[in-house]
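Participant: Give the three-dimensional model of this entry:
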Amino acid sequence: MSKARVRMISGVMLAIGALMAWLEWQASPNADPTVLAFDVAVGLTFFSAAVIALGVPTARRIAYLELAAGVAWFAGALVPAASALYLGFLVHLLATFPNGRLERPVQRVVVATGYGLALAASPLGLAGFEPALLATVAATALVRASATAGPLRRGRLGAAVVAATMAVAFALVTTGVAAGSMDVATARMVLAAVLIVSTAVLAIDLRWGGWSRDALTRLVIDLGDRAEATTLRDRLAGALDDPTLVIGYGRDDEGGYIDDDGRPVEVPAAGAGRIAVPLRSAGLEVGILLRDERHPIDPVLADGVAAAAELALGNARLHAATRRQLSDLEASRERLIDAAESERQRIRRELDDGALRRLAGVRSALLASTAIPGPESLLEHADSVMQQLEELSDGLGPETALEGGLGPALQGLAAKCSVPAVASGPVGRLPPLLEATAYFVCSEGLANVVKHAQATQASIGAHERGGRMIVEVLDDGIGGATASPGSGLDGLRQRVESTGGRLTIEDRPEGGTRLLAELPIDRRAGPRLATDLAGRTA
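Facilitator: Sure, this is the predicted structure:
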């Protein structure tokens, strides 16, 4: 609605109010001029509040309810049979403040009850129902306030306070008149004063209460609160008080828009009752905001919400791009680890099938030969070379040991240890990279136990917990193990971290050392590494 039209309607409202006030002053059956002045002031307050609310785009329903209440008030003064009619519109106003919309079934019941009692009060001679009715309205407004936040909560709390104040005033006046401690004229003036003050307070709050500023402040706070689970659409809808609002995200690949659930969002045609607001980031259109044109909003608030939505969308796109880059980096890191592991396995196979096999054949020939002088010396050299190559082969990967799986491999590792050791491991096969890393942790851990721990017993184990492989090496030695730079434990730490895991070395309270590795379990790594190994072998 344009400003010119608002001014025109406001002028018509004031003219109608002035005319009805003059009619009451001239034709009212009330002979007391003071009481009559209070009655006229109530009606004019309703009309003035309607004009004030009309200037607030989100409160135009409230403006029309204020107007209807004013007309009903003057009509009740002129026609006693309609004296309670204004209560229906007042209940409607308080139960739906500050937007005038009936959104919940309980509101509809309360408002319908208010209109029914207002219409039936005079014909049926009903009296004294006002306190209970207004108290019910206050409770309804309070419940609605507890279910919302920000400016809407403040507005609904205000309506609850006003309704409760009116309920108390009606109750006191009714009791006072019934007890004879208050005359009817005084009672009418007290009620009129309460209605004037309450209506003026609500109107002033609507017009000068800073609703747009508060709504934008709340929206900015909400957008910065990552712990809150609501979507961007929910937050924008709350700021604009438009439950029909839809936000569409631009699709770079196919064009068009999609909502939070991935469903297509159609741009409405002209005259469809929807307003489309394009959202831009860095000069590019990144989304669209669709709202109901029947839910008018403050233009300043609309512009602020659009700007906040643009900023939020831009940030979301940056976060998405960052997440994609991190995902690509993680995939690249995994490929490098797989490639390195595959290369170690290839070299291990070449050593086992090549140099070691040939040296074993030479050694057998030397043992069988008696013609070559000094075979003992050659045998010693051959044994030394074979031992060095076997150590190198073991360092490149426990391919042979892991043929039956990690569990049996750990049992074999514990059996060969010079310190009494027990082992436990998972049943079934795991991704090769995971098995190899877990095996190396236990192998290096036992090697340190033998060399440095002065232990009498040790244990190694691996088990799954919460999507991770937990690998432990325990001993009862002197403790004090650290992963100093360049040491075997330092190399082991780097190997564990390269797979996305974590290595912890700590002294046990009961004595000894605890070596703990937490390895992520990626089931995809098994097929991928197996395929890579097969390709390299071929």
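Participant: where do the strands sit along the stretch 151-300 of the chain?
Facilitator: 246-250, 257-258, 264-265, 274-281, 284-292 (DSSP state E, counting those that start in this stretch).
Participant: Now mean neighbour count too, for the ones you listed, in a markdown table please.
Facilitator: Bear in mind the C-beta positions are built from the backbone N, C-alpha and C, glycine included. Output for the strands of the stretch 151-300 of the chain, formatted as a markdown table (neighbours: other CB atoms under 10 Å):
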| stretch | mean neighbour count |
| --- | --- |
| strand 246-250 | 22 |
| strand 257-258 | 18 |
| strand 264-265 | 15 |
| strand 274-281 | 18 |
| strand 284-292 | 19 |
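Participant: Show me the domain layout of this protein.
Facilitator: According to automatic domain parsing, the chain comprises the domains 3-209, 212-324, 360-397, 402-537.
Participant: pLDDT of the third one, averaged?
Facilitator: When the per-residue pLDDT values of domain 360-397 are averaged, the result is 60.
Participant: just to revisit the earlier point, possible to save the domains of the chain as TSV with distance to Glu330?
Facilitator: Shown next, in TSV, are the domains of the chain (distance: least, CB to CB, whole Å):
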stretch	distance to Glu330
domain 3-209	38
domain 212-324	10
domain 360-397	23
domain 402-537	8
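Participant: one step back: so can I have a markdown table of the strands of the stretch 151-300 of the chain showing mean pLDDT?
Facilitator: Listed next are these as a markdown table, based on pLDDT from 0 to 100:
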| stretch | mean pLDDT |
| --- | --- |
| strand 246-250 | 76 |
| strand 257-258 | 76 |
| strand 264-265 | 80 |
| strand 274-281 | 73 |
| strand 284-292 | 75 |
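Participant: wait, which of those strands is closest to Phe47?
Facilitator: strand 284-292 (28.6 Å; CB to CB).
Participant: For that closest one, enumerate the helices and strands it packs against.
Facilitator: For strand 284-292, the packing partners by 3 or more CB pairs under 8 Å, 6 or more residues apart in numbering; DSSP states H and E come out as strand 246-250, strand 274-281, helix 299-353.
Participant: and it with strand 246-250, angle?
Facilitator: Angle between the axes of strand 284-292 and strand 246-250 is 160 degrees (criterion: axes from the mean of the first three to the mean of the last three CA atoms, to 10 degrees).
Participant: Now do strand 284-292 and strand 274-281, the angle between them.
Facilitator: Here the directions of strand 284-292 and strand 274-281 differ by 150 degrees (the same axes, to 10 degrees).
Participant: Give me the number of neighbouring residues for the closest residue to Ala187 other than its chain neighbours.
Facilitator: What sits nearest to Ala187 in space, not counting adjacent residues and going by CB to CB, 6 or more residues apart in numbering, is Val173, at 4.4 Å. When counting by other CB atoms under 10 Å, one arrives at 21 neighbours for Val173.
Participant: Contacts only, for Val173.
Facilitator: Met182, Ala187, Val190, Leu191 (CB atoms under 8 Å, 6 or more residues apart in numbering).
Participant: From Tyr86, how far out is it?
Facilitator: Distance, Val173 to Tyr86, using CB to CB, to the nearest Å: 16 Å.
Participant: before we move on, back to that, and the domains of the chain, which one is worst for confidence?
Facilitator: domain 360-397 (a mean of 60).
Participant: ok, and for the helix or strand that contains Tyr64, which residues are buried?
Facilitator: Per DSSP states H and E: Tyr64 is located in helix 60-78. For helix 60-78, burial by neighbour count (16 or more other CB atoms under 10 Å) applies to 60-77.
Participant: quick revisit: now the strands of the stretch 151-300 of the chain in JSON lines, with distance to Leu402?
Facilitator: Formatted as JSON lines, those follow (distance: least, CB to CB, whole Å):
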{"stretch": "strand 246-250", "distance to Leu402": "48"}
{"stretch": "strand 257-258", "distance to Leu402": "47"}
{"stretch": "strand 264-265", "distance to Leu402": "51"}
{"stretch": "strand 274-281", "distance to Leu402": "52"}
{"stretch": "strand 284-292", "distance to Leu402": "51"}
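Participant: Val42: which of those is closest?
Facilitator: Proximity to Val42 (CB to CB) singles out strand 284-292 among those, at 34.5 Å.
Participant: one step back: I'd like to know which elements the next helix or strand after the helix holding Tyr64 is packed against.
Facilitator: Past helix 60-78, further along toward the C-terminus, the next helix or strand under DSSP H and E is helix 85-96. Packing partners of helix 85-96 (3+ CB pairs under 8 Å, 6+ apart): helix 60-78, helix 105-124, helix 130-146, helix 151-179.
Participant: Show residues contacting the third one.
Facilitator: Going back to what we said before, that points to helix 130-146. Outside helix 130-146, the residues that touch it by CB under 8 Å, 6+ apart are 87, 91, 94-95, 97, 104, 106-107, 110, 113-114, 117, 152-153, 156-157, 159-161, 163-164, 166-168, 170-171, 174.
Participant: what helix or strand is Ala462 on?
Facilitator: Using DSSP H and E, Ala462 maps to strand 458-465.
Participant: helices and strands around that strand, which ones?
Facilitator: Secondary elements touching strand 458-465 (3+ CB pairs under 8 Å, 6+ apart): helix 406-416, strand 421-424, helix 432-448, strand 468-475.
Participant: Take these and write them to CSV, including distance to Tyr249 and mean neighbour count.
Facilitator: Formatted as CSV, the helices and strands packed on strand 458-465 follow (distance: least, CB to CB, whole Å; neighbours: other CB atoms under 10 Å):
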stretch, distance to Tyr249, mean neighbour count
helix 406-416, 45, 19
strand 421-424, 50, 19
helix 432-448, 37, 24
strand 468-475, 34, 22
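Participant: need the ones you listed in JSON lines with distance to Ala203, can you?
Facilitator: Converted to JSON lines, the helices and strands packed on strand 458-465 look like this (distance: least, CB to CB, whole Å):
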{"stretch": "helix 406-416", "distance to Ala203": "76"}
{"stretch": "strand 421-424", "distance to Ala203": "77"}
{"stretch": "helix 432-448", "distance to Ala203": "70"}
{"stretch": "strand 468-475", "distance to Ala203": "62"}
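Participant: Those: which one's closest to Thr34?
Facilitator: Closest among those, using CB to CB: strand 468-475, at 83.4 Å.
Participant: and that closest one with helix 432-448, angle?
Facilitator: Put simply, strand 468-475 runs at 10 degrees to helix 432-448, going by the same axes, to 10 degrees.
Participant: the inter-axis angle of strand 468-475 versus helix 406-416?
Facilitator: Going by the same axes, to 10 degrees, strand 468-475 makes 10 degrees with helix 406-416.
Participant: Neighbouring strands - and their directions - for strand 468-475?
Facilitator: strand 458-465 (antiparallel), strand 513-520 (antiparallel) (DSSP bridges).
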